[in-house]
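Participant: fold the following for me, if possible:
(2 chains)
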There are 2 protein chains.
Amino acid sequence: MPEITLAIDAMGGDNGPSIVIEALAEYISSSKSCQFLVVGQQDIILPLLKQFQLSEHPQVKLIHADQVVEMNEKPGQALRSKPDSSMSVALQLLAKGEADAMVSGGNTGALMAKAYFQLKTLPGVLRPALMAALPNARGGRSYLLDLGANASCDSETLFQFGVMGSVAAQVIESSASPKVSLLNMGEEDIKGNDVVKNAAQRLSASEHVNYRGFIEGNHLFSGKADVIVCDGFVGNIALKSCEGLATLIVEQMKSALMSHWMYRWFFRFLQKRTQKSWEPLKPDHYNGASLIGLRGVVIKSHGSANSKAFGSAIKQAVTEAHAQLPERIKDRVESVLLEQH
Amino acid sequence: MPEITLAIDAMGGDNGPSIVIEALAEYISSSKSCQFLVVGQQDIILPLLKQFQLSEHPQVKLIHADQVVEMNEKPGQALRSKPDSSMSVALQLLAKGEADAMVSGGNTGALMAKAYFQLKTLPGVLRPALMAALPNARGGRSYLLDLGANASCDSETLFQFGVMGSVAAQVIESSASPKVSLLNMGEEDIKGNDVVKNAAQRLSASEHVNYRGFIEGNHLFSGKADVIVCDGFVGNIALKSCEGLATLIVEQMKSALMSHWMYRWFFRFLQKRTQKSWEPLKPDHYNGASLIGLRGVVIKSHGSANSKAFGSAIKQAVTEAHAQLPERIKDRVESVLLEQH
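Facilitator: As a prediction, this is how the structure comes out:
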């Protein structure tokens, strides 16, 4: 396997650079197969690298970047005024071919804008999409895209998301023929708006996608589809609504369980014993959304990620870089474009 | 308080008419203030009324309807071919003023189509919307609309949903000035598509709505807004996605808890002791989505409702009928239309 070089934006995320460096140390302790270009402000990052015995490590190279994109900064502003930010410098390393993938826990809007601007889309790809893995009831993962790279999409763009998602699921999950569905407000052909109806026709007609029709929101976690396609407005709201509900349930459960010493005791006991069955559902495992359709592997780590979750994002980047996901998407999109002529 | 007459479509729902009649018996046992017109096939409904000692009850009148709209029937087909269905007959009683509200657990699409066709929208109202109450982290309820009456909406329609939802929250929750928000993929003004941006401008400019800006999906259950507005495509997917996640969580929890006798024992104990804190979160309490904007109170009970849940839908209908919600919406929409000129 060729050696992979990862560019890491060490300044992004709500929890500061320390969780990034901690994740890096953890990763390096178990794998010798990657080089890391750690991008950030030297006076902040160097002490952290020293703390984790990484400052002289052969797999790690610190690359100084003067600026930092703030988490609440407007994407357009970050794009114009921060060419020397850790985010931009890390993307530049990817664009120049000095890195095979890039990971950032920074401002999502800024990352999408900068990545689109600095890397461009693959030939024939209309728009990039943000894609994440969701746990499903069958014990596997389903991929949902777009999660917010595009506020609205035409049917051709949704069709392409189906194609790209299908390639990604094949590559990442080693699934021979991933089942692709469009997210809709009903399963019947007559349901929904013209955009999804036309996208459904396009997907049905293509030999390059195993299209299985519309699915409704209640199947997001059922495993009925391996790839679930929607525009960024819908995907963003669906995923964040689920986050909101999960938060409510966990809070209610905690307050019920913490109200009595016996519950607290039992809860700790239960936590230990059921760790195995809960483990696959934990958000840490699903950290690392892929910005696909670009000329390079760009992984967005959740802003609130801890070091374990950031580690998942690193693994996601390594997997996609090894599999040369952008190349594979490019080939498939080419075949699809040929199919139309 | 004037006496309310409710028309009940007794044939709708996945669990058959028995849960409807059981809910009715339960309601009547605790309240003498309503008359019920029970619409359905006499040979099926009469034995059930007898079973629950309601066949000769002064509050109950059976009205025969020949046809039944099936749960999986296409709305257009039901609209054209089933004028004598229990659903249509119940709506007709409402349209003729013989009932003050109508409740059905039947086919949602057919109910929306028939209600729109038989009742029409209130003067000035562009489109009806399906609205439901969600539990929130503050222990209250937030109202979400539209849940699927409209696959796409223009900004004026979203604006009107804000106005109607605001009136509904005032009337149902006795809230003086409900906080209204638009559901979007970000909270900043620049986020989202043109439809939500223009709707935001319209809502900001109106004196008749306490508009509080955009909210993201993770605030659906936080209580940050009392009324949350989106188009039916987004609302349907957001709500059903949450249903899907809740199902996954409950299944995982059950399988973890049922794997050992001690967990099972503790679970039963916990269930009893924490009933009070969980009670407000149970879906049964939130059954009864309102189809608002029409010339009459129409309540959609969930297809899978049990008798307790159907009872919640009946209560919702009584509340809205007492408060004369359609009249109140009509008045507010008139004021809003005047404001524009």
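Participant: any weak-confidence spans in chain A?
Facilitator: Across chain A, residues meeting the criterion (pLDDT under 70) sit at A:1-2, A:262, A:270-283, A:341.
Participant: show me chain A divided up by domain.
Facilitator: Residue ranges for the domains of chain A, per automatic domain parsing: A:1-125+A:293-324, A:126-286.
Participant: now do the shortest one: distance to the chain's middle.
Facilitator: This points to domain A:1-125+A:293-324. 13 Å (CA atoms, centre = their mean, to the nearest Å).
Participant: and if you look at the longest one?
Facilitator: Centroid separation between domain A:126-286 and its chain, computed with CA atoms, centre = their mean, is 12 Å.
Participant: hmm, A:G148 is touching A:V234, no?
Facilitator: No. With contact defined as CB atoms under 8 Å, A:G148 does not count as touching A:V234 (9.8 Å). All C-beta spots, glycine's among them, are computed from the backbone N, C-alpha and C.
Participant: between these two, which one's more packed in?
Facilitator: Set A:G148 next to A:V234 and count neighbours by other CB atoms under 10 Å in any protein chain shown: A:V234 wins out with 30 against 26.
Participant: ok so that one is a strand residue?
Facilitator: No. Assessed with DSSP: H, G, I helix; E, B strand; the rest coil, A:V234 is helix; it does not lie in a strand.
Participant: what residues are up against it?
Facilitator: Counting by CB atoms under 8 Å, 6 or more residues apart in numbering or on different chains, A:V234 touches A:L183, B:F233, B:V234, B:I237.
Participant: do A:L203 as well
Facilitator: Counting by CB under 8 Å, 6+ apart, A:L203 has contacts A:F159, A:G162, A:V180, A:L182, A:V209, A:Y211.
Participant: ok, now A:G303?
Facilitator: A:G12, A:G13, A:D14, A:M71, A:G105, A:G106, A:N107, A:T108.
Participant: same check, this time on A:Q42
Facilitator: A:L62, A:H64.
Participant: for it, give its distance to A:A23.
Facilitator: Relative to A:A23, A:Q42 is positioned 19 Å away (CB to CB, to the nearest Å).
Participant: A:R212 too?
Facilitator: Relative to A:A23, and taking CB to CB, A:R212 is found at 36 Å.
Participant: with A:P178 instead?
Facilitator: 29 Å.
Participant: so for the two, which sits in the more crowded spot?
Facilitator: Neighbour tally, A:P178 and A:A23, criterion other CB under 10 Å: the higher count belongs to A:A23, 26 against 22.
Participant: how about the more buried one: what's its closest non-neighbour residue?
Facilitator: Setting aside the residues directly before and after it, A:A23 is nearest to A:F310 in space (CB to CB, 6 or more residues apart in numbering or on different chains), at 3.8 Å.
Participant: if you count contacts, what does the helix or strand harbouring the one you found end up packed against?
Facilitator: Using DSSP states H and E, A:F310 sits in helix A:307-322. On a contact count with 3 or more CB pairs under 8 Å, 6 or more residues apart in numbering or on different chains; DSSP states H and E, helix A:307-322 meets strand A:4-9, helix A:17-30, strand A:101-104, helix A:155-173, strand A:297-300.
Participant: chain A: strands as residue ranges?
Facilitator: Along chain A, the segments classed as strands by DSSP state E run A:4-9, A:34-40, A:60-64, A:101-104, A:129-135, A:141-145, A:179-183, A:210-215, A:227-229, A:289-292, A:297-300.
Participant: can I get the contacts of A:L203 in CSV with distance to B:H285 and neighbour count?
Facilitator: Output for these, formatted as CSV (distance: CB to CB, whole Å; neighbours: other CB atoms under 10 Å in any protein chain shown):
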residue, distance to B:H285, neighbour count
A:F159, 42, 25
A:G162, 39, 27
A:V180, 37, 24
A:L182, 33, 26
A:V209, 42, 24
A:Y211, 39, 23
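Participant: who in the stretch 51-200 of chain A is up against chain B?
Facilitator: Taking CB under 8 Å from any CB of the partner chain as the criterion, the neighbours of chain B within the stretch 51-200 of chain A are A:74, A:76, A:109, A:135-137, A:148, A:151-152, A:183-186, A:188, A:190-193.
Participant: try 10 Å
Facilitator: A:72, A:74-76, A:108-109, A:134-137, A:144, A:147-148, A:150-152, A:183-186, A:188, A:190-197 (CB under 10 Å from any CB of the partner chain).
Participant: give me the phi and psi for A:P123.
Facilitator: phi -60, psi 130 (degrees, to the nearest 10).
Participant: how much space separates the residue nearest to A:E156 when sequence neighbours are not counted from chain B?
Facilitator: Spatially, and ignoring its direct neighbours in sequence, A:E156 is nearest to A:L126 (6.4 Å; CB to CB, 6+ apart). Between A:L126 and chain B the distance is 17 Å, computed by CB to the nearest CB, to the nearest Å.
Participant: pretty sure A:L126 sits against A:V336.
Facilitator: No. Using CB atoms under 10 Å as the test, A:L126 is too far from A:V336 to be in contact (11.7 Å).
Participant: common neighbours of those two, please.
Facilitator: A:F159, A:Q160 (CB atoms under 10 Å, 6 or more residues apart in numbering or on different chains).
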